[in-house]
Structures are given as C-alpha cells and as structure tokens.
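S.K.: this one's sequence-less:
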DNA sequence: GAAGTAATTCAACGACGGTTGAAGTATATC
DNA sequence: GATATACTTCAACCGTCGTTGAATTACTTC
C-alpha cells in the first residue's frame, strides 16, 4: 500500500497539489484566511457563498493540509479556520523547486536536422 | 475589451494560471522541456503520448506564455519547443506573492463567542 | 426533551476539459 | 505533381468536479 517515495519534482504529486489551488473560490478563501478571517459565517458574507459550498471547499483545503480547524472553547458550535503555515512553507518550497529557472538546460534536440547537426558537432568536439 | 488591471493577488487570475499547471502530463512536458528536450517526437517517445495529445497540451502551455515555438531553419517541418524563461520567473513571483507566509495575519474572528471577546478586548484597549 | 443555531454531508445536476481517432495543414522529397 | 513526413485541428465521448437544495449532525439554550 505504500506509494513510491515521490520526489519533490514528481509531476503527478505536484499536479494533485495544484488542482486544489486552481480554483478561484478556494483561492479567495485562502486569501481571507491569510488576512485573519476565521469563521464560516464571515467567509460566507465576504464571498457571498452558501455555507455548504464554503464547507465543501474548506474540506478540500483541509484534506490538502493547508487549513487547520478549531472548535470554539466556549461555544463548540462555532468552528474557526486558519492557514497551516508549515504546509504553506512546504508548498512554496515544492513549487519553487519544480519551476526553478535554474533547472533550465541549454537546448540539445536529439532528433530532426538540428539534432543531427548537434550530434555531429558533439562527435566532432568530443570524439571519444 | 480591456480587463481590469488584475493585481498580482487576484484569485481569479491566479486560478487561471494554476489551471494550466494542474495537469500531470503538462507538468511532465514542462519537466522535459526544462531538461532541454525539444521536439514533439522526442516528447512523445519519453511520455508515451500520441502526438496530437502533446500538440494539444503544448498549445495550452503556449497560450499561457510558458512555452516558445521555433521552426527548424533547415527543415521547417520540425518544430522545437522551449521554456519561456521570463514567464517562468513571473510565475514564480506571482505564486510567491500570493502564498507568501509573511502575509498571514494573526487571528481576529469577527463573530462567534471569541469574536465577541475580541471586540470587547479591542474596545477596552482602544476605546476611541 | 424540544427548539434553535452552526456547520457538514448527501444526492443529483451540469459544465468544463482531457482523451481519442480521423481529417486537415504545412513542408520537404522523389 | 504525387507521396511522405511532422504536426495541428476537429468532433465526439466521457469522467471529474463545482454547484445546488435538502437532509443530517453537533452543540447549545430554553
């Protein structure tokens, strides 16, 4: 049942993470949470969304580990949401590692006329 | 026809950008392009995808400005693809700006029992 | 325990988008 | 000009996922 240890550059794993973020309403929720807003009702007011919709998107964000949930100590009917900062840090790290411009290698086409030229050149330069 | 100038923190605009990236095969293509692979045929071999599928995903990446296209000077049937480095840099900048952990504000619930407490506290501290 | 409130879960709908095979375009070669 | 090659475009299918309204859970108050 163990999955292969996914490298930080694993496209499938990164795509799954980005799917969670590629949604306008979820980004708006994250945006408000980062600004300190917390309860479902206030999110609903600010975003003009039905509470069940907010619940749905919050559960997606929660399953992705990006949002933490806390019940009110006085009245447990109220639930507060907050950004999971370590998850956010890791997200930035993974994203930055994948799309790091320093990873871009110079062109070396392996097929087509230029590929043939390159191969000839490489052989000429490094005949060994 | 001009769209409102979208701030770098505009959720809708960012979601559109992320939708392009939230796709495993497109990430694999980007990955290979960053490693210097260029022609459609080699992408097809490496990813075991039909050429028309690669074409499709490349067009999405091209429309997003992430990939540049060049025809071979000798034999124009061959087309080479390359990462658009400035676009990649801007992508990192926008992503980093939105998900910047420094943007996280301390909690200040505006409703619920804690919200009431906070409001009372704020009034007590700053009665003006 | 009954009623009320905050939030979640469920089931069904509908649209967006990735996939597929076939047709089409552009360019080169014979 | 006919054939071949590299790639793109088209049309159709189908699964996924966001949305919606209703039902349900969890908790508090009367």
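M.R.: Noted; the coordinates are in hand. Fair warning: this is a prediction, and the values are worked out from it, not measured in the lab.

S.K.: How many neighbouring residues does residue A:35 have?
M.R.: 13 (other CB atoms under 10 Å in any protein chain shown). C-betas here are computed from N, CA, C, even on glycine.

S.K.: That one reaches residue B:105, doesn't it?
M.R.: Yes - assessed by CB atoms under 8 Å, residue A:35 is found in contact with residue B:105 at 5.4 Å.

S.K.: which residues sit in contact with residue A:96?
M.R.: Residue A:96 is in contact with B:92, B:96, counting by CB atoms under 8 Å, 6 or more residues apart in numbering or on different chains.

S.K.: check whether the helix or strand hosting residue A:81 contacts DNA strand D.
M.R.: For residue A:81, the element it lies in under DSSP states H and E is strand A:79-83. No - Strand A:79-83 stays clear of DNA strand D (CB under 7 Å from any atom of the strand), getting no nearer than 9.4 Å.

S.K.: Would you mind pulling the contact partners of that strand?
M.R.: A:30, A:33-34, A:38-40, A:43, A:58, A:66-72, B:104, B:107, B:109, B:112, B:114.

S.K.: One more pass at 10 Å, please.
M.R.: Strand A:79-83 has contacts (CB atoms under 10 Å, 6 or more residues apart in numbering or on different chains) with A:29-30, A:32-41, A:43, A:54-55, A:58, A:61-62, A:66-72, B:99, B:101, B:103-107, B:109, B:112, B:114-115.

S.K.: Return the members of these classed as buried.
M.R.: Buried by 16 or more other CB atoms under 10 Å in any protein chain shown: A:29-30, A:32-34, A:37-41, A:43, A:54, A:58, A:61, A:66-67, A:72, B:99, B:109, B:112, B:114-115, out of those.

S.K.: how about the strand holding residue A:81, does it get close to DNA strand C?
M.R.: Yes - interface with DNA strand C: strand A:79-83 contributes residue A:79 (CB under 7 Å from any atom of the strand).

S.K.: Sitting in helices, which of the contacts of strand A:79-83 do you find?
M.R.: Applying DSSP state H to these, the entries found in helices are A:29-30, A:32-34, A:40-41, A:43, A:54-55, A:58, A:61-62, B:112, B:114-115.

S.K.: one step back: just the mean pLDDT for the strand holding residue A:81, thanks.
M.R.: The pLDDT scores in strand A:79-83 average 93.

S.K.: Next: stretch A:50-58.
M.R.: 95.

S.K.: if we can go back for a sec, check the offset of the strand holding residue A:81 from the chain's centre.
M.R.: Centroid separation for strand A:79-83 versus its chain: 19 Å, with CA atoms, centre = their mean, to the nearest Å.

S.K.: Quick one: residues contacting residue A:64.
M.R.: A:16, A:17, A:19, A:20, A:21, A:26, A:84, A:87, A:91.

S.K.: Okay then, goodbye and thanks.
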